[in-house]
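Student: quick one: sequence plus predicted model below, questions after.
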Amino acid sequence: MKRLHNWFTTVLLAGALLIATLGLLMPGATQLTFAAQVASSTVYSDAATFTTQANAPPNSQVVHIISDVTVKYSETLVPGWETVAFDDSTWLNVVAPSGGLCDPSVPSRIPDSEALPVWSQTPQQFQTIYARKTFIAALPTSATIQTFVDDDFDLYVNGVLVRSDWDGVASYFVDDISALVQNGVNVIAIKASDTFGGCQNLAFDVTISGVPQAVVVPIDIKPGSDPNSINCNNENGVIAVAILTTEDFDATTVDHTTVTFEGASETHVDKKSGEPRRHEEDVDCDGDTDLVFHFRLGDTDLTCDSTEAILTGETFDGQAIEGTDAVRMIDRGGGKP
Ligand SMILES: [Ca+2]
Ligand SMILES: [Ca+2]
Ligand SMILES: [Ca+2]
Ligand SMILES: [Ca+2]
């Protein structure tokens, strides 16, 4: 309802005090549940919080995960729908931007955010939808989520209930989720209901800030061999290393041109371009595609005393990755061949 939105926008502009008061008026049980889950929550933070980085450490980055067309949804409740492990591959994608039955320009927006209002492909009055967005993250210094839902919602982060807002009007909140965002796969899950009728939409913006840490990924040096014996005197020896795909990580998202292994780059290069070649292969025969590399020992920093080796790189999205595996260096003596 347009009149409701105007009212709500006025409240927003009136500032933090009114919003905080609105939060205090929420049912006590709801507040208790929320407080038990996330200790350091705030009902409202000034938008300036998100642009002030004066005290941020060097190399600090701010990453936003926003509501957009990649959000998946279901109109029916399916057990476990809010958990990370739930498979939403058969769910539909939302419409974005969408104001439900209203023009997409009508919904109030999250301040200073690219987040789009989204809703189902078949909007109806008083509709309830279950929405999910999965994303990869490294352990952040801090993470907050802003939500705007017309009208009411339950918000879960990685299966944990962060906010339950059922006051019957369109609502905006900021919650601290620093303790919930984890290294690897995360999921934002929102049950949104158009309890007041009129328009319907949901929007969210997860802001992750801090010095980005590498996501730890599984690697296998000398795939299929254990222990990973390497003749440390043979500088021309080539070591195969695989980044393995698991339930939590898709190795094919790695940009192979960024990958180094103890300082060495892929030794198989395209003769024309000089670019490292990409080798996709199901190296552990578990039905999914892994990424395989080949490094010349002489290009690496490995010595006869090394006991482990580290592979680093980035995904195509720019997320740093890191994997470690043991090595058994065999010293046959006699120096370099
Ligand atoms: Ca509400
Ligand atoms: Ca509504
Ligand atoms: Ca191995
Ligand atoms: Ca595999």
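Tutor: That came through fine. Keep in mind that this is a model prediction, so the values were computed, not measured. Numbering: from 1, shown residues only. Ligands and ions are numbered 1, 2, ... in the order given.

Student: going forward, measure contacts between C-alpha atoms and count neighbours the same way
Tutor: OK.

Student: show me the helices in the stretch 151-300 of the chain, by range?
Tutor: With DSSP state H, counting those that start in this stretch, there are no helices along the stretch 151-300 of the chain.

Student: quick one: low-confidence parts of it?
Tutor: Low-confidence segments of the stretch 151-300 of the chain, defined by pLDDT under 70: 212.

Student: one more: the stretch 1-150 of the chain?
Tutor: Along the stretch 1-150 of the chain, the model assigns pLDDT under 70 to residues 1-60, 138-140.

Student: near ligand 1, which residues of it are found?
Tutor: Residues of the stretch 1-150 of the chain found near ligand 1 (CA under 5 Å from the ion): none.

Student: near ligand 3, which residues of the stretch 201-337 of the chain are found?
Tutor: Counting by CA under 5 Å from the ion, the residues of the stretch 201-337 of the chain close to ligand 3 are 220-223, 225-226.

Student: if we use 8 Å, what do you get?
Tutor: 220-228, 325 (CA under 8 Å from the ion).

Student: most widely separated two among the residues you listed?
Tutor: Distance extremes for these: the farthest pair is Gly224 and Asp325 at 12.9 Å, using CA to CA.

Student: okay, those two: which has more neighbours?
Tutor: When Gly224 and Asp325 are compared for neighbours, Asp325 comes out ahead with 16 against 10, by other CA atoms under 10 Å.

Student: tell me the bridge partners for the residue of the stretch 51-200 of the chain found nearest ligand 3.
Tutor: Residue nearest to ligand 3 within the stretch 51-200 of the chain: Gly184 (22.8 Å; CA to the ion). Bridge pairing for Gly184 (DSSP bridges) gives the partners Ala137.

Student: touching, it and Thr134? I think so.
Tutor: No: Gly184 is beyond contact range of Thr134, at 10.2 Å (criterion: CA atoms under 8 Å).

Student: and Phe173, how far is that from Asn183?
Tutor: According to CA to CA, to the nearest Å, Phe173 and Asn183 sit 24 Å apart.

Student: if you count what's nearby, which of these two comes out ahead?
Tutor: Counted by other CA under 10 Å, Phe173 and Asn183 do not tie: Phe173 has more neighbours, with 20 against 15.

Student: wouldn't that one be in contact with Thr144 here?
Tutor: No: applying CA under 8 Å as the test, Phe173 and Thr144 come out as separate, 10.2 Å apart.

Student: which non-adjacent residue is nearest Thr147?
Tutor: Spatial nearest neighbour of Thr147, chain neighbours left out: Phe204 (4.4 Å); criterion: CA to CA, 6 or more residues apart in numbering.

Student: residue numbers of this protein in contact with ligand 2?
Tutor: Applying CA under 8 Å from the ion, we find that the chain lies next to ligand 2 at 1, 125-126, 150-151, 169-170, 193-201.

Student: any idea how far whichever residue of the stretch 101-250 of the chain sits closest to ligand 4 is from Val169?
Tutor: Residue nearest to ligand 4 within the stretch 101-250 of the chain (CA to the ion): Thr245, separated by 5.5 Å. Distance from Thr245 to Val169, counting by CA to CA: 44 Å.

Student: between those two, which has more neighbouring residues?
Tutor: Shown here are Thr245 and Val169; by other CA under 10 Å, Thr245 has more neighbours (23 against 18).

Student: so who does that one touch?
Tutor: Each residue near Thr245 by CA atoms under 8 Å, 6 or more residues apart in numbering is listed here: 218, 251-252, 288-290.

Student: among the residues you listed, which lie within strands?
Tutor: Judged by DSSP state E, these include Asp290 as members of strands.

Student: and the contacts of Thr245, which are buried?
Tutor: Listed as buried from the contacts of Thr245 are 218, 251-252, 288-290; burial here means 16 or more other CA atoms under 10 Å.
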